[in-house]
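Participant: I'll drop the sequence and a predicted model, then ask my questions.
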Amino acid sequence: MVIESYQTEDYSIGYDSQISTITLKGSLRLNGLQESNVVVKLLNDVLDIEPPKITLNLRELQFLNSSGINMLSKFVIKVRQKKTINLVLLASIKIPWQGKSLKNLQRLMPTLELQIDA
């Protein structure tokens, strides 16, 4: 079963099964596995469903630390290994870290579709 949504004071994550979209908002500062369990679990649960396409909406994720980037990298690798799932990342040019960091994920999965909106 997929966690539909989870919210803290700093960030929220939600999954819309109708459109297979995971949305992250706020500031996600992960300090190791314990804090990231809910986020990692949701990502892995969606992956286990094996939808043909997963959209990861990060347009309102203002901050993601290196542990969070590492978590996203591992998720992208897992999606790539499935070979049957298309991954789309939605980002915003208004959030400086997204353009640089998310483009690096395309190196891990060349078929990843990165949409950066103004």
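Facilitator: Happy to help now that I have it.
Participant: Could you pull out the helices in this protein for me?
Facilitator: For the chain, the helices defined by DSSP state H occupy 33-49, 66-82, 96-108.
Participant: quick one: Thr21 and Ile13 touch, right?
Facilitator: No: the criterion here is C-beta atoms under 8 Å, and Thr21 misses it with Ile13 at 11.3 Å. No exception for glycine: its C-beta is placed from N, CA and C like everyone else's.
Participant: Just the pLDDT for Arg29.
Facilitator: For Arg29, the pLDDT comes out at 88.
Participant: Could you tell me which residues make contact with the closest residue in space to Gln106 that isn't next to it in sequence?
Facilitator: Distance criterion C-beta to C-beta, 6 or more residues apart in numbering; nearest residue to Gln106, sequence neighbours excluded, is Leu112 at 5.1 Å. Shown in contact with Leu112 (C-beta atoms under 8 Å, 6 or more residues apart in numbering): 76, 87-89, 105-106.
Participant: Export the helices of the chain as a markdown table, with columns for mean pLDDT, mean neighbour count and distance to Ser5.
Facilitator: Output for the helices of the chain, formatted as a markdown table (pLDDT from 0 to 100; neighbours: other C-beta atoms under 10 Å; distance: least, C-beta to C-beta, whole Å):
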| stretch | mean pLDDT | mean neighbour count | distance to Ser5 |
| --- | --- | --- | --- |
| helix 33-49 | 83 | 15 | 9 |
| helix 66-82 | 94 | 16 | 18 |
| helix 96-108 | 91 | 15 | 22 |
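Participant: Tabulate the ones you listed (TSV), appending distance to Asn57.
Facilitator: Shown next, in TSV, are the helices of the chain (distance: least, C-beta to C-beta, whole Å):
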stretch	distance to Asn57
helix 33-49	13
helix 66-82	13
helix 96-108	11
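Participant: on that earlier part again, and Thr21 and Ile13? Which one has more around it.
Facilitator: Neighbours were tallied for Thr21 and for Ile13 using other C-beta atoms under 10 Å; the higher tally belongs to Ile13 (22 against 18).
Participant: Tell me the bridge partners for the more buried one.
Facilitator: Tyr6, Leu24 (DSSP bridges).
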